[in-house]
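>>> structure for the following, please:
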Amino acid sequence: MEKIELKQKFSLFQEHWNPKIVGELNGQYVKLVKFTGPFVWHHHDNEDELFLTVKGKFTMKLKDGDVEVNEGELIIIPHGVEHCPVADEEAHVLLFEPKTTLNTGNVKNERTREILGRI
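Next up, the predicted model:
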């Protein structure tokens, strides 16, 4: 067992929208990702997702209204809910989701990451 220092782990990568695995438990991955700009509208048929803002802030766009997620706040997106994260400035976000979760959900495009790196 070892502790994970989030600030140090975030310093290990610069790219945006490319989640990195930092841990796993009970069939779930703990991932770190940097957001900037808009992502893609998508949903996940079977997986819920937790987004925790570690640094900065982002907006979770939803069909029925946007939610701003500030530093130290989290939002849980239930499976089947169409969503699109957007960050006006770089945000550092921790994701907690099942191992089967594809970052772009039901959409496959240039931002889809089928294989994730570990840090």
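
>>> need the helix or strand of this structure with the lowest average pLDDT.
Ranked by mean pLDDT, DSSP states H and E, the weakest helix or strand in the chain is strand 117-118, scoring a mean of 90.

>>> which residues sit in contact with residue 73?
52, 53 (Cβ atoms under 8 Å, 6 or more residues apart in numbering). For the C-beta atoms, the positions are set from N, CA and C on the backbone; glycine is no exception.

>>> pLDDT value on it, please?
With respect to pLDDT, residue 73 scores 98.

>>> burial measure for residue 12, as a count.
By the criterion of other Cβ atoms under 10 Å, residue 12 has 11 neighbours.

>>> residue 47 too?
Residues near residue 47, counting by other Cβ under 10 Å: 18.

>>> before we move on, what about residue 42?
Residue 42 has 19 nearby residues by other Cβ under 10 Å.

>>> tell me which residues of the longest strand seen in the chain are tucked away?
The longest strand of the chain (DSSP state E) is strand 83-98. The neighbour-count check on strand 83-98 (16 or more other Cβ atoms under 10 Å) flags 83, 84, 85, 87, 91, 92, 93, 94, 95, 96, 97 as buried.
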